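Participant: only the shape, not the letters, is given here:
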Ligand code: KIV
């Protein structure tokens, strides 16, 4: 297995076939559903990879999930690179896709290319993702023509939260279709469909040759993505309808931390089994 050419080379593996962009795209014609989850650090990325996930997304959701900010807008290029480096060091098999932060690709296609190139060179990731369809077609084309694999993201675009006035389901079918077609035509290798009616996602999925990865876009997409901390039941507060908690890790973690506090305070930890002679 070839070593990565990026700034932080990934561990080698001989046990499993590494996911590549062509394999990711080919999954669609084989009818194989693609699985994607977010990770922002080494520990969680390694866990997702060990479980057999197809792709790890270093999402700009890190602004909210990790940094505790109200939106994804403040995330910087240096921050996403810092997190992507940790993720790439842990992943042996999955594709690693890195989000381009707000304002890292809006000023011009040239600046977007420079920033996407910096992400790939410094992290060793496989691909970048950016929010936009028609409005970013020129930029997607520029990146693709420089051989930087780019995933588009249409529907609800969290980086548009100020203009939208909130995180709202997007229902304009013609606009969604135009965005998806423009992204594919410009050379995107895949496309995230966020918070759109399942019927429209099914139509887009049927029309496009590239895989659609849904989040709140119903079951007919070619794959699904969720924020890991949400699907593990680690996050609290508002939970969107499309998030299914596959575990209740927040409860498990709270229970363990409370048990630790109680045992330390009560003097039962550490006992002789956890002490040196
Ligand atoms: O930033 C992110 O995590 C994302 C996914 C949820 C699609 O863009």
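Facilitator: Structure's in. What do you need? Small disclaimer: the values here were computed from a predicted structure and weren't measured.
Participant: around the closest residue to residue 223 other than its chain neighbours, how many other residues sit close by?
Facilitator: Leaving aside its chain neighbours, residue 223 sits nearest to residue 34 (2.8 Å; criterion: CB to CB, 6 or more residues apart in numbering). In short, each C-beta sits where N, CA and C put it, glycine included. By other CB atoms under 10 Å, 22 other residues sit near residue 34.
Participant: identify the residues contacting residue 34.
Facilitator: 24, 27, 28, 54, 55, 211, 213, 222, 223, 224 (CB atoms under 8 Å, 6 or more residues apart in numbering).
Participant: who's in contact with the residue nearest to the last one when sequence neighbours are not counted?
Facilitator: The one in question is residue 224. Nearest residue to residue 224, sequence neighbours excluded (CB to CB, 6+ apart): residue 214, at 5.5 Å. Contacts for residue 214 were tallied using CB under 8 Å, 6+ apart; they are 192, 193, 194, 201, 220, 221, 223, 224, 225.
Participant: is residue 214 in a helix, a strand, or coil?
Facilitator: Going by DSSP: H, G, I helix; E, B strand; the rest coil, the secondary structure assigned to residue 214 is strand.
Participant: for residue 184, see how far away it is.
Facilitator: For residue 214, the distance to residue 184 (CB to CB, to the nearest Å) stands at 16 Å.
Participant: over to residue 223?
Facilitator: Residue 223 is 15 Å from residue 184, by CB to CB.
Participant: for residue 108, same thing?
Facilitator: Taking CB to CB, one finds residue 108 at 22 Å from residue 184.
Participant: of these two, who's got more company?
Facilitator: residue 184 (22 against 12).
Participant: just checking, that one touches residue 178?
Facilitator: No. Counting by CB atoms under 8 Å, residue 184 stays clear of residue 178, with 11.1 Å between them.
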